[in-house]
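Enquirer: here are the coordinates; sequence isn't available:
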Ligand SMILES: [Zn+2]
């Protein structure tokens, strides 16, 4: 039972069973450029040292997380700020 709309920008996952029936041929995650483990980056908004999330198939967010702003950033976002 897979109910999944495939659209790069606006994917929706309606059925959490999807996680147990994962088909690697289906691309349903934004393809962010992922920093190397151990990379450091300061938040572009508040300069806080950000956390680098793990690049896992079940994680749909962006690589960087600012615990202070409670906001995610991708490498692309950070490049835009520069
Ligand atoms: Zn911040």
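Expert: Good, I have the coordinates. Treat the numbers as computed from the prediction; the structure is a model and nothing was measured.

Enquirer: And residue 79, how close does it get to the ion?
Expert: Separation of residue 79 from the ion (CB to the ion, to the nearest Å): 17 Å. The way it works is simple: take the backbone N, C-alpha and C, and place the C-beta from them, glycine included.

Enquirer: doesn't that residue fall inside a strand?
Expert: No: applying DSSP: H, G, I helix; E, B strand; the rest coil, one finds residue 79 to be helix, outside a strand.

Enquirer: Thought residue 30 was touching residue 60, still the case?
Expert: Yes: under the criterion of CB atoms under 8 Å, residue 60 makes contact with residue 30 at 7.4 Å.

Enquirer: which bits of the protein sit near the ion?
Expert: By CB under 5 Å from the ion, the residues of the chain that approach the ion are 43, 45-46, 48, 66, 68-69.

Enquirer: Strands - which of those residues land there?
Expert: Among the residues of the chain next to the ion, the members falling in strands (DSSP state E) are residue 66.

Enquirer: Format the residues of the chain next to the ion as JSON lines; extra columns: neighbour count.
Expert: Output for the residues of the chain next to the ion, formatted as JSON lines (neighbours: other CB atoms under 10 Å):
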{"residue": "43", "neighbour count": "19"}
{"residue": "45", "neighbour count": "12"}
{"residue": "46", "neighbour count": "12"}
{"residue": "48", "neighbour count": "13"}
{"residue": "66", "neighbour count": "20"}
{"residue": "68", "neighbour count": "12"}
{"residue": "69", "neighbour count": "14"}
